[in-house]
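Student: pasting the sequence and the predicted model now:
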Amino acid sequence: MYRYLLYLLIFLYPCADAWAWPWQKDYPATKNAQESIELQSCVTGLPPLLAANVQNRLNANLDDLPKPLDPLIANSFYEQSSSAIIAGISPFSYFNPVIRQSLSTPTTNHWLLQYHVTPGPVSVITKISLHLIGPDTPSLQALIDHPPFHLNEAFLSATYETYKETLMAQANKLGYIDAQFSDHRVLVNRDTHSVAIYLSLDLKQSYRVGPVTFQKNPLNNTFLQKFVPFKIGSHYSPDDTVLLQKQLTNSGYFQQVDVLPKRDNTTARDTMPIQVNLTPKPRQQYTLGAGYGTDTGPRISAGTNWNYVTDTGHKLMMMTRLSQVQNMAITKYTLPGNNPLEDQYHVNGSLTTNTISQGNSQIRQFGSGFSHSHGGWQTTINVSYQLEHYSFNSDPYQTSHLLLPSISFQKITSDNPLYPTRGNSFNVMLQGAKENVLSDTNLLQARLQDKWLFPVTLDSQLLLKTDLGYTAIHKQTLLPLSLSFFAGGSQSIRGYGYNELGPGRYLITASAEFRHKIITDWYGATFIDIGNTFDNVPNGATSGLSSKLGAIYNSLERGVGIGIGWNSPVGPMQLSIAKAVTLAGEPNRIQFNMGTSL
């Protein structure tokens, strides 16, 4: 018998090269064993939405393959890739696809994986079984009774998963933090192209908020309880602890805040006590800064902040700033209101000297006010008494006494507070004075400042700015230097010196700046600025509105230029070179400034 087997092997040996055992594969050979295979996939036959989802899944799986990619792993991926296609179309209720796939090698190390997919019929929902286990809860029962999917509709897995998340979030919000799905099945019958949904939510124990206790710290408990955004005994939700932590962190009193729900045997079964561990900031902090700007020249600042003067959260800030154009000493005492994050009262005083090419002034100011923040808006009401000793050019010094009530509205929205790529900054202020009411003239002044930053392309933004001012005064000669409008400088009309344009009772400036990313945190910019100040609105050749607007436009100064910006670790910086277009013979002006765009 062994002899016959030997004869058979000798007979078959010449054909061995043409045979392959079932577990052997003939992989396309690479020139070098160390060279990596490059895989590329192509999907046809599907609608655009399905094709994109399938292609994304294939690409994600390709990215996860080890590099360099050898033929064995590449072929294994090819053989198993149909599972990614099925996973890519099943969320859209296609569970019976027909997949034809092929492998070609345009070059030795380039493999092209081709898939032609026929998605098959849509599977529809034929059974919905939804149940709520636990006490009667109307809001949850309403969600159970009205799901976002219906019989004889296509089953969309994204809709189903979102519905589950909504149910669980609502249960947690109502204090059922131990709730879980005791049944969550989606049964697909590929023969009948049908889907059955079985979902049961077991609410288990409901919890209510217990007492909130604060770790020992410099602030008293009554004051800290004002930051608690929920009532004791209300339904407990994990969102409540997150909000409490956020509000305490934003208060400015603490370096670290940990909010810990505590379940133990010493409290009622349905009560969730909350313990708050606080690491306070130092009572007193000091600041020291230095900088340079082409508007101000070298500048330094020094100050101190008392983060809590009393155990009820009073704060004190004292700051001194020195530069070539302005020296200032400020003191501000802040008292939190009943809602400390939204309402604050303040008392402030300052001494200021201004030195610019058009004049000088020394100002003593004392005031008090109230600010309220809500919905992103900050409203500030203030009353200040201002005594100013000032001189324009070489004129004799004058003294101004003004009691100035004011109100302002401000809102800033951005995608990043320090390095925004889109956002808006809006500020409007109205103030006035009444003669003989601690004031030596009647005065009404309004100012509006608006900035818009928005992306143009993935790597470029457009910044638009405007600054408008209006002053009505009984005696124009009594308008002090500090309340006069000026324009010019790196934050106004570039190409002109700091406050070179003015003084005036009216202010109009506008700016458009286009920015484009160069590398990483660097960008190039080109801009045009326009504006001026006026004591009287220019009159046109005729009395018509278009003539008057033309006269105003012709009175506006213009600056154009280019710049380069850097989002540095200490904040945004920009260096620009600008030309005052409307001033003949004016040299180009290099200007530098620091600060966020909004």
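Tutor: Ah, there it is.
Student: any idea how far the residue most central in space within the chain lies from residue 569?
Tutor: Centroid-nearest residue in the chain, with Cα atoms, centre = their mean: residue 415, separated by 2.4 Å. Distance, residue 415 to residue 569, using Cβ to Cβ, to the nearest Å: 19 Å. Backbone N, C-alpha and C define where each C-beta goes, glycine included.
Student: next one: residue 131
Tutor: Taking Cβ to Cβ, one finds residue 131 at 56 Å from residue 569.
Student: same check on residue 421?
Tutor: Between residue 421 and residue 569 the computed distance is 18 Å (Cβ to Cβ).
Student: looking at these two, which has the bigger crowd around it?
Tutor: More neighbours surround residue 421 than the other of residue 421 and residue 569, with 17 against 6 (other Cβ atoms under 10 Å).
Student: so what's that one up against?
Tutor: Going by Cβ atoms under 8 Å, 6 or more residues apart in numbering, residue 421 touches 415, 453, 455, 461.
Student: closest to residue 490 out of those residues?
Tutor: residue 453 (17.2 Å; Cβ to Cβ).
Student: distance from the helix or strand harbouring that closest one to the middle of the chain?
Tutor: Assigned by DSSP states H and E, residue 453 belongs to strand 443-457. Here the centre of strand 443-457 is set off from its chain's centre by 19 Å, with Cα atoms, centre = their mean, to the nearest Å.
Student: buried residues in that strand?
Tutor: 443, 445, 447-449, 451, 453 (16 or more other Cβ atoms under 10 Å).
Student: can you list the strands that that strand pairs with?
Tutor: Using DSSP bridges, strand 443-457 pairs in its sheet with strand 423-433 (antiparallel), strand 460-473 (antiparallel).
Student: gap between residue 509 and residue 472?
Tutor: 20 Å.
Student: those two: who's more crowded?
Tutor: Using other Cβ under 10 Å as the criterion, residue 509 and residue 472 rank with residue 509 on top: 24 against 12.
Student: residues in contact with the more buried one?
Tutor: The contact partners of residue 509, taken as Cβ under 8 Å, 6+ apart, are 465-468, 487, 492-493, 529-532.
Student: now the residue nearest to residue 50 when sequence neighbours are not counted: which helix or strand?
Tutor: Among residues not flanking residue 50 along the chain, residue 89 sits closest, at 5.2 Å (Cβ to Cβ, 6 or more residues apart in numbering). Assessed by DSSP H and E, residue 89 sits inside helix 82-89.
Student: can you check residue 240 too?
Tutor: If you go by DSSP H and E, residue 240 is part of helix 238-250.
Student: which residues are contacting that helix?
Tutor: 172-173, 177, 209, 212, 224, 227-230, 254, 257-259, 261, 274, 276, 278, 341.
Student: could you give the angle of the helix or strand just after that helix to helix 238-250?
Tutor: Next along the chain after helix 238-250, taking DSSP H and E as the criterion, comes strand 254-261. Angle, strand 254-261 to helix 238-250, by axes from the mean of the first three to the mean of the last three Cα atoms, to 10 degrees: 160 degrees.
Student: what pairs with strand 254-261, parallel or antiparallel?
Tutor: According to DSSP bridges, strand 254-261 has these partners: strand 271-280 (antiparallel).
Student: show me which parts of the strand it pairs with are buried, residue by residue.
Tutor: 271-274, 276, 278.
Student: kindly report the same for stretch 142-161.
Tutor: So stretch 142-161, judged by 16+ other Cβ under 10 Å, has buried residues 143, 147, 155, 160.
Student: below-threshold pLDDT in the chain: ranges please.
Tutor: Residue ranges of the chain with pLDDT under 70: 1-35, 264-268.
Student: at 50 instead, please
Tutor: Of all residues in the chain, those with pLDDT under 50 make up the ranges 1-27, 29-33.
Student: domains in it, by residue range?
Tutor: Annotated domains of the chain cover 24-118, 124-202, 208-280, 284-594 [automatic domain parsing].
Student: ends of the third one, how far apart?
Tutor: End-to-end distance for domain 208-280, by Cα to Cα, to the nearest Å: 29 Å.
Student: then the longest one?
Tutor: Across its full length, domain 284-594 reaches 27 Å end to end, with Cα to Cα as the criterion.
Student: could you do stretch 62-75 as well?
Tutor: End-to-end distance of stretch 62-75: 12 Å, with Cα to Cα as the criterion.
Student: pull the distance from it to the chain's centre.
Tutor: 39 Å.
Student: what are the buried residues along it?
Tutor: So, applying 16+ other Cβ under 10 Å, buried residues of stretch 62-75: 62, 69, 71, 74-75.
Student: now, which of those sits nearest residue 124?
Tutor: So of the buried residues of stretch 62-75, ranked by how close each gets to residue 124 (Cβ to Cβ), first place is residue 62, at 33.2 Å.
Student: who touches the closest one in this structure?
Tutor: Shown in contact with residue 62 (Cβ under 8 Å, 6+ apart): 39, 41, 77.
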